[in-house]
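Asks: fold the following, please.
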Amino acid sequence: MRKFRRQNYGFLKRIKDNWRKPTGSQSKLRKEKGGSGTKVKIGYGKKIRKNVITVSSMSDLVKDENAIYYIASSMGGRKSSLLIKKAEEMGIILKNKKRKEKKISKIEHKIKKKKEMKEEKKKQEEKKKVEEKKKEEAKKAKEKAEKEQEKISMKNQEEIQKITEKNIEKAKKSESNPAERKDVPKEEPKEAVKK
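Replies: Okay, the predicted model is just below:
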């Protein structure tokens, strides 16, 4: 309970601190100027003392009529939001609920942004993977085409070699038998020619 003291009780030894109503015309206590002390009024009754409980976990939420509940400052956003919901269900009033709700709304907004960013990153990574797969498929297709062309060119070279070998063999045969050669003109017999 608040103690009301007499005006200027500390200046003189003979003045005790028990309350007397100030009656002076220039009395600061009578005029209730700031810092001069408290004046006796209706409303300074006895206060009912209540237990102050700081809630730091779900087990601390036990209903008590003579208790004031505060959410602990060390509580994070998610747990405090769960605590607020449970307190509403139980009918418990939390004194610092509004302040925590503001923080919770900010935290939830940040969490939503992070989730959106993660989803965008995942989509971009998937696009990159698809593009890489397409590039790999295109490379494989190119390599296959090159291999097929090499095979075809090898076959063509083998055929050309066979043809050249055959021509060489024919040329050798024709050198040994000039009658079989086509490029050399055949000599006509002299008997047939008469003038």
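
Asks: care to break the protein down by domain?
Replies: 1-47, 51-95, 115-172 (automatic domain parsing).

Asks: who wins for proximity to residue 106 among those domains?
Replies: In terms of C-beta to C-beta, the element of the domains of the chain nearest to residue 106 is domain 51-95, at 8.1 Å. In this view, the C-beta of every residue, glycine as well, is placed from N, C-alpha and C.

Asks: for the closest one, measure first residue to last.
Replies: From its first residue to its last, domain 51-95 covers 13 Å (C-alpha to C-alpha, to the nearest Å).

Asks: include mean neighbour count when you put the domains of the chain into a markdown table, please.
Replies: Output for the domains of the chain, formatted as a markdown table (neighbours: other C-beta atoms under 10 Å):
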| stretch | mean neighbour count |
| --- | --- |
| domain 1-47 | 11 |
| domain 51-95 | 14 |
| domain 115-172 | 10 |
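
Asks: pretty sure residue 87 sits against residue 63.
Replies: No. Between residue 87 and residue 63 there is no contact, the gap being 9.6 Å when judged by C-beta atoms under 8 Å.

Asks: give me the common contacts of those two.
Replies: Among the neighbours of residue 87, none is also in contact with residue 63 (C-beta atoms under 8 Å, 6 or more residues apart in numbering).

Asks: can you give me the strands for the protein?
Replies: Per DSSP state E, the chain carries strands over the ranges 51-55, 67-71.

Asks: residues in contact with the last one?
Replies: With C-beta under 8 Å, 6+ apart as the test, strand 67-71 has contacts from 50-55, 61, 80, 83-84, 87, 92-97, 100.
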